[in-house]
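*Asks:* Just the structure for this:
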Amino acid sequence: MKNPISLFLIIALTVLFACQKEIKLKPAQYDGQLSIECILIPGQIPQLFLQSSVPFFSPNTTPSQLFVRGANVSITGSFTDNLTTDSVFDKFRCRWIPFYKGAIPSQSGQTYNLSVTYGSKTYTASTTINQLKVSISTTSYVAEFHDVYGAHEGVIINFTDIAGSENFYRYQMSRVIDSSVYGSSSLGLIHSTCTNGAFFYIREFSRSIYFDKGLDGQSMQLVVEPAYGHSQNDTAFVFVQSLDKNSAEFYDNLDKQKLAQYNPFIEPVFLKTKIAGCIGIFGSAVVSDSLLFVYPE
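*Replies:* Numbers count the residues shown, from 1 in each chain. Modelled structure (predicted):
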C-alpha cells in the first residue's frame with residue numbers, strides 16, 4: 001500500500017495547480033498629492049523637498065522621479081526668500097536628490113511663512129523658531145537593548161531637559177564613511193557602489209521623537225540604533241535637535257505609521273499632515289552643540 005501521507009500530498013498538489021487562474025486587476029483611479037517637507041534651522045539656508053505621491057505599485061520611487069518641478073516657492077521672514085531648484089548627490093545611494101534651495105539663512109526668534117504655488121493651488125504654513133538649545137552631557141554605548149522588534153545595539157545620549165516648557169527632541173549623528181560601510185536593516189543592507197573606497201560625509205536622524213512630558217527639567221536619555229555599520233574606534237559627532245511641536249507630531253505620527261506596516265498587532269495609523277491641502281510639514285529645529293562619540297566595538 002502506498003504511503004498515505006505521500007498520496008495526500010500528490011492529491012493536494014494536483015488540486016492546487018489545477019485550480020490556478022490568472023486574474024487581471026484593474027488599478028483604481030489614483031489622484032496624487034503634493035508632499036512638502038522643510039525644516040528651518042538657525043544659521044542654515046532653507047531646503048524644501050517637494051514631491052508627488054504615487055500609487056503603491058508605481059515604478060517611480062527615486063527622489064528625481066518624484067520631484068515636482070516648476071513650483072513657485074517662497075519663505076518670508078524679515079525678508080522674502082525665493083527658493084530655486086538645486087540638487088545634491090547622495091554618495092551612499094548613488095543618486096541625485098533634487099530640492100528647492102533658499103539664499104537667506106534662517107534666524108532664531110523669527111516667524112517664517114511658507115508659500116508653495118503649483119498649478120492653480122497655493123499651499124501655506126508658518127513656523128516660529130523659538131526652541132532652546134540643549135547641552136549634551138555624556139554619550140555612551142550599549143551592545144544590546146531590547147524592544148518589541150528584538151535586540152539592537154544603541155548609541156546613548158544624556159542631557160538635561162529645559163525646564164518650564166514643552167519640548168520635543170530627536171537624535172542626529174554626523175560622520176565620515178567609505179564604501180565598505182553597509183546600512184542597517186532599515187536601509188536595506190546596502191552600501192555605496194560609486195565612491196570606490198573614497199570617504200564621504202553622511203548624516204543620520206532617529207525615527208523616534210522624544211517628548212519631555214512628565215520629565216520637565218529632569219535628566220533625559222536617548223537610546224538610538226545606528227543607521228550605518230561601524231568598526232571599533234570609528235568616530236562620529238552626535239547632536240540633539242529641539243523640534244517645534246508641529247514637526248514633532250508629524251514625525252512621531254510618521255514613525256508610528258511605519259511601525260504599523262511591519263507589526264500586525266499595532267493599530268493602523270493615518271498620517272496627519274501639518275500643511276492644509278497636501279501631505280507634509282513646515283517646521284523648525286534648533287540643534288545642540290556636537291559631542292564626539294567613539295564606537296567602543
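*Asks:* May I ask you to confirm that residue 111 is in contact with residue 125?
*Replies:* No. Here residue 111 does not reach residue 125: they are 11.4 Å apart, not a contact under Cβ atoms under 8 Å. Backbone N, C-alpha and C define where each C-beta goes, glycine included.
*Asks:* who's the residue nearest to residue 137 when sequence neighbours are not counted bridged to?
*Replies:* Closest residue to residue 137 apart from its sequence neighbours, by Cβ to Cβ, 6 or more residues apart in numbering: residue 158 at 5.0 Å. Under DSSP bridges, the beta-bridge partners of residue 158 are residue 138, residue 221.
*Asks:* Tell me who's in contact with residue 158.
*Replies:* Each residue near residue 158 by Cβ atoms under 8 Å, 6 or more residues apart in numbering is listed here: 136-140, 219-221.
*Asks:* Just the buried ones among those, please.
*Replies:* Under a neighbour-count criterion of 16 or more other Cβ atoms under 10 Å, the subset of those counted as buried comprises 136, 139, 220.
*Asks:* tell me, how many neighbours does the closest residue to the last one other than its chain neighbours end up with?
*Replies:* If I follow you right, that is residue 220. Taking Cβ to Cβ, 6+ apart, and ignoring the residues beside it in sequence, residue 220 has residue 161 as its nearest neighbour in space, at 5.1 Å. A count of neighbours around residue 161, defined by other Cβ atoms under 10 Å, yields 19.
*Asks:* From residue 169, how far out is residue 161?
*Replies:* Distance, residue 161 to residue 169, by Cβ to Cβ, to the nearest Å: 8 Å.
*Asks:* Need the residues touching each of these two.
*Replies:* Listed contacts common to residue 161 and residue 169 are 134, 212, 220; contacts here mean Cβ under 8 Å, 6+ apart.
*Asks:* The first one touches residue 241, doesn't it?
*Replies:* No. Counting by Cβ under 8 Å, residue 134 stays clear of residue 241, with 9.2 Å between them.
*Asks:* so what sits against both of those two?
*Replies:* In the contact map built from Cβ under 8 Å, 6+ apart, the residues linked to both residue 134 and residue 241 are 169, 288.
*Asks:* Find the nearest non-adjacent residue to residue 231, please.
*Replies:* residue 295 (7.0 Å).
*Asks:* contacting residues around the one you found?
*Replies:* Residues in contact with residue 295, defined by Cβ under 8 Å, 6+ apart, are 141, 230-236.
*Asks:* Just the residues contacting the helix ranked longest in the chain, thanks.
*Replies:* The longest helix of the chain (DSSP state H) is helix 245-262. With contact meaning Cβ under 8 Å, 6+ apart, helix 245-262 is reached by 39, 127, 149, 166, 168, 170, 207-209, 211, 243, 266-274, 280-285.
*Asks:* Which of these fall in strands?
*Replies:* Counted as lying in strands by DSSP state E, out of the contacts of helix 245-262, are 39, 127, 168, 170, 211, 243, 280-285.
*Asks:* Compile those residues into TSV and extend it with columns for distance to residue 203, pLDDT and neighbour count.
*Replies:* Formatted as TSV, the ones in strands among the contacts of helix 245-262 follow (distance: Cβ to Cβ, whole Å; pLDDT from 0 to 100; neighbours: other Cβ atoms under 10 Å):
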residue	distance to residue 203	pLDDT	neighbour count
39	13	98	23
127	21	98	25
168	19	97	22
170	12	96	23
211	23	96	16
243	16	97	24
280	20	95	25
281	18	97	24
282	20	98	27
283	17	98	26
284	17	98	25
285	13	98	26
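*Asks:* just those now: which is nearest residue 53?
*Replies:* For residue 53, the closest of the ones in strands among the contacts of helix 245-262 turns out to be residue 280, at 10.3 Å, with distances computed as Cβ to Cβ.
*Asks:* I figured that closest one hits residue 33, correct?
*Replies:* No. Under the contact definition of Cβ under 8 Å, residue 280 does not touch residue 33, with a separation of 9.1 Å.
*Asks:* joint contacts of the two?
*Replies:* Contacts common to residue 280 and residue 33, judged by Cβ under 8 Å, 6+ apart, are absent.
*Asks:* Distance to residue 80 for the shared contacts of residue 161 and residue 169 - can I get that in a markdown table?
*Replies:* As requested, the shared contacts of residue 161 and residue 169 are arranged in a markdown table below (distance: Cβ to Cβ, whole Å):
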| residue | distance to residue 80 |
| --- | --- |
| 134 | 32 |
| 212 | 35 |
| 220 | 38 |
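*Asks:* my guess is residue 172 meets residue 224, correct?
*Replies:* No. Look at residue 172 against residue 224 with Cβ under 8 Å: they stay out of range, at 9.6 Å.
*Asks:* Tell me which of the two has more neighbours.
*Replies:* Set side by side, residue 172 and residue 224 give different neighbour counts by other Cβ under 10 Å, the larger being at residue 224 (22 against 19).
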